[in-house]
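**Student:** The following block contains a protein sequence and its predicted model.
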Amino acid sequence: MKRFLKAVLLGALPFCLCSCGRQELRHVQSVDTAMGTVIQQNIYTAGGDCTDGIMELIRNLEERTLSWRLETSELYRINQAAGSREGIVLTEEMAAVLGRCLELTEASEGAFDVTVGPVARLWDIDGWAAGSRTGEFEPPSQEAVDGALDLCGVSRLRMTAGPDAGGEEGTVRLYAEAGTELDLGAVGKGLALTHILEYLESDPDVTGATVSVGGSVLTYGSRPDRAPWQVGIADPDHSSDNLGILSLEGQWCISTSGDYERFAEAGGVRYHHILDPATGRPADSGLSSVTVLTKDGMLGDALSTACFVLGREKGMELAQRYGAEALFVDKSGEIFMTPGMEPLFRRTP
Ligand code: AMP
Ligand code: MG
């Protein structure tokens, strides 16, 4: 688990009560697991401990919406409905999420594609869990990869809205060809940040917070001493160390996709969890990690995955098209950034 903490949150103050103006603030912290990853919370509040509430929110999102594995989730029902003539009516949130995912598939020329489910299952990515898989791993044959790829692609999906969906205004129905399997692993953590942000905003006692959901980190409000938030970016070669620190004021979402997060090794080759939908194999774009800075969690999470697959040049272009800042680490450890990222990043000496 420790290896998986790629974005180490710094700046936790060594005390739990502090005075900020006339307000007495508590510093509450929690480390827990959900969505197959580590959740770290640092919250400054004039009220009660809200860390349990945030854990519940993350678990609900996984159980009710995002998990491809749990029968209780909307995604599970969607995948079950693939091939049915009547399709499936989507919740408002899922319709919005899938709509944005399809837009990003187009913008990334297919590098980001939530229909990679059959390929992700074939490689058994979720079986690798966080960190590396232990024991023997045998990569799938090219034939098996080709077979799984035949079941992927957004052309297998069709969304209809309003009366066409057989419902009222706002109803969205999804039709997917038989065998299609959606996988929201590339946006789930970012979407969790969006929910956490709403939760924090609805609590007037919270003055500042950092919450990390695996490789996606939310900063919110301010620290009691008004210093910027410090978010570490993991060194892909030694993921328990930081390559550098981002200094950020106020609310941001920082999403990292890296080849060290989930992987399996066989015959001296490392197979990681970020797949190139063009080949059905782990993306080989010359990068080890991409970190994207956005205001919106889901967008940042999708972009970090897309940019990893696209590689440095095209990835840089895509991030900038969305007004996001990005930092790329290539396989030799060299760092490349969008101009807006440079003043925010300080390399660890
Ligand atoms: P992330 O760690 O955010 O880059 O997301 C990687 C996860 O998203 C993987 O564990 C898969 O579940 C899924 N995934 C892998 N490759 C892609 C891709 N090219 N597009 C969309 N989802 C992907
Ligand atoms: Mg992602």
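**Tutor:** Nice, I can see it. Ligands and ions are numbered 1, 2, ... in the order given.

**Student:** show me what contacts the closest residue to ligand 1 within the stretch 151-300 of the chain?
**Tutor:** Nearest residue of the stretch 151-300 of the chain to ligand 1: Gly185, at 2.6 Å (C-beta to the nearest ligand atom). Every residue, glycine included, has its C-beta placed from N, CA and C. Contacts for Gly185 (C-beta atoms under 8 Å, 6 or more residues apart in numbering) come out as 68, 120, 125-126, 273.

**Student:** Report whether Val38 is found in a helix, as I expect.
**Tutor:** No. Counting by DSSP: H, G, I helix; E, B strand; the rest coil, Val38 is not part of a helix but strand.

**Student:** Touching, it and Ser212? I think so.
**Tutor:** Yes. Proximity of Val38 to Ser212 meets the contact threshold set by C-beta atoms under 8 Å, at 7.5 Å.

**Student:** Tell me which of those two has more neighbours.
**Tutor:** Using other C-beta atoms under 10 Å as the criterion, Val38 and Ser212 rank with Ser212 on top: 26 against 19.

**Student:** Leaving out sequence neighbours, find the closest residue to the more buried one.
**Tutor:** Computed as C-beta to C-beta, 6 or more residues apart in numbering, the closest residue to Ser212 that is not its neighbour in sequence is Gln40, at 4.7 Å.

**Student:** for Gly221, same thing?
**Tutor:** Closest to Gly221 by C-beta to C-beta, 6+ apart is Gly208, at 3.6 Å.

**Student:** got it, and Trp252?
**Tutor:** Thr219 (4.8 Å).

**Student:** For the helix or strand harbouring that neighbour, C-alpha coordinates in CSV please.
**Tutor:** Taking DSSP states H and E as the criterion, Thr219 maps to strand 216-221. Extracted in CSV, the C-alpha atoms of strand 216-221 (Å, rounded to 0.1, in the frame of the first residue of the first chain):
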residue,chain,number,x,y,z
SER,A,216,-6.0,11.8,-7.4
VAL,A,217,-5.7,14.6,-4.9
LEU,A,218,-8.1,17.4,-4.0
THR,A,219,-7.0,20.6,-2.3
TYR,A,220,-9.7,22.9,-0.8
GLY,A,221,-9.7,26.2,1.0
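
**Student:** Please see if it touches ligand 2.
**Tutor:** No. Using C-beta under 5 Å from the ion, strand 216-221 never reaches ligand 2; the gap is at least 7.5 Å.

**Student:** and the closest residue to Leu246 other than its chain neighbours, helix, strand or coil?
**Tutor:** Nearest residue to Leu246 in three dimensions, chain neighbours excluded: Val231, at 4.6 Å (C-beta to C-beta, 6+ apart). Secondary structure, three-state DSSP: Val231 is strand.

**Student:** and Val231, what pLDDT?
**Tutor:** Looking at Val231, its pLDDT is 97.

**Student:** For it, list each beta-bridge partner.
**Tutor:** Leu9, Leu246 (DSSP bridges).

**Student:** Wait, a helix at Arg173?
**Tutor:** No. Counting by three-state DSSP, Arg173 is not found in a helix; it is strand.

**Student:** Would you check how far apart the residue nearest to Ser212 and ligand 2 are?
**Tutor:** 18 Å (C-beta to the ion, to the nearest Å).

**Student:** How many residues are close by that residue?
**Tutor:** Residues near Gln40, counting by other C-beta under 10 Å: 20.

**Student:** same thing with Pro228?
**Tutor:** By other C-beta under 10 Å, the residues close to Pro228 number 16.
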